[in-house]
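Visitor: need a 3D model of the following:
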Amino acid sequence: MAAFIVRAVEGEPDANYCETGSPFSDVSPDTWHCKYIKRLSELEITKGCGPGIYCPDRNVTRAEMAAFLGRTFLEME
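Guide: Modelled structure (predicted):
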């Protein structure tokens, strides 16, 4: 989900985008998806699923996806 949104809006982040760390304790800077999750957080599209965590292995609900898309595309206008 994070990769889908970031790629649609901005394209591919740099490969080393997470070398300064991840904004969430459960997203390792070494994972392939860190750069997308970090950028999604910077764009204020997500704040994670709890204080300091993102829950990257949890399925995204329909309501969450609607909120992400709304924050992404409605805020761009």
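Visitor: element containing residue 38?
Guide: helix 34-42 (DSSP states H and E).
Visitor: buried stuff in the helix or strand just after that helix?
Guide: Counting by DSSP H and E, the next helix or strand C-terminal to helix 34-42 is helix 62-69. For helix 62-69, a neighbour-count test (16 or more other C-beta atoms under 10 Å) marks residue 68 as buried. Every residue, glycine included, has its C-beta placed from N, CA and C.
Visitor: mind listing what's buried along the helix holding residue 38?
Guide: Using 16+ other C-beta under 10 Å as the test for burial, helix 34-42 gives 34, 35, 36, 37, 38, 39, 40, 41.
Visitor: likewise stretch 9-26?
Guide: When neighbours are counted by 16+ other C-beta under 10 Å, the buried residues of stretch 9-26 are found to be 13, 17, 18, 22, 23, 24.
Visitor: residue 29 is in contact with the fourth one, correct?
Guide: Yes. The pair residue 22 and residue 29 passes the contact test of C-beta atoms under 8 Å, sitting 5.0 Å apart.
Visitor: between the buried residues of helix 34-42, which is nearest residue 74?
Guide: Comparing the buried residues of helix 34-42 against residue 74 with C-beta to C-beta places residue 40 closest, at 15.5 Å.
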